[in-house]
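# A structural model of the following input is requested.
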Amino acid sequence: VTSKLKGLPSGEYKDVEKRVDKILGDLGVDKLDLLLIHWPGPGDEKLLQGSEGELAEACNWKFFAENIKSAWENMQRLKEAGKTRFVGVSNFYEAHLKELI
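This next block holds a predicted model:
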């Protein structure tokens, strides 16, 4: 079973874990096979309900560079906690991947 987190899962780990626990509950599973970061921008629900222009403005390199380390650490912690077997990304450009690794 594969699922995606909307935007970068940066910030407090407990908040990210709650998001994943909801996904697990909705799917009726205890663990995912693969959990992906859906896109390299913010995942704020308020922002996602706004206009495309607001989301595009928020999805900038500065935001990504300031948040990718925290986001990837949270993904690793989810794996260590047994919430998912593997972690990955989708919709990242080569520049995003270079910054990540």
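
# which element, helix or strand, includes residue 35?
In this structure, residue 35 is located in strand 32-37 according to DSSP states H and E.

# can you check which helix is longest in this protein?
Of all the segments assigned as helix in the chain under DSSP state H, the longest by residue count is helix 61-80.

# which other helices and strands does that helix contact?
Packing partners of helix 61-80 (3 or more C-beta pairs under 8 Å, 6 or more residues apart in numbering; DSSP states H and E): helix 13-27, strand 32-37, strand 84-89, helix 94-100. The way it works is simple: take the backbone N, C-alpha and C, and place the C-beta from them, glycine included.

# Throw those into JSON lines and include mean pLDDT, mean neighbour count and distance to residue 65, thanks.
JSON lines is the format used below for those (pLDDT from 0 to 100; neighbours: other C-beta atoms under 10 Å; distance: least, C-beta to C-beta, whole Å):
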{"stretch": "helix 13-27", "mean pLDDT": "97", "mean neighbour count": "14", "distance to residue 65": "19"}
{"stretch": "strand 32-37", "mean pLDDT": "98", "mean neighbour count": "19", "distance to residue 65": "15"}
{"stretch": "strand 84-89", "mean pLDDT": "98", "mean neighbour count": "16", "distance to residue 65": "15"}
{"stretch": "helix 94-100", "mean pLDDT": "92", "mean neighbour count": "12", "distance to residue 65": "6"}
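
# among the ones you listed, which is nearest residue 71?
strand 32-37 (6.4 Å; C-beta to C-beta).

# so which elements touch that closest one?
Counting by 3+ C-beta pairs under 8 Å, 6+ apart, strand 32-37 packs on strand 2-5, helix 13-27, helix 61-80, strand 84-89.

# if we go to 6 Å?
Helices and strands touching strand 32-37, by 3 or more C-beta pairs under 6 Å, 6 or more residues apart in numbering; DSSP states H and E, are strand 2-5, strand 84-89.

# partners of it, with directions?
strand 2-5 (parallel), strand 84-89 (parallel) (DSSP bridges).
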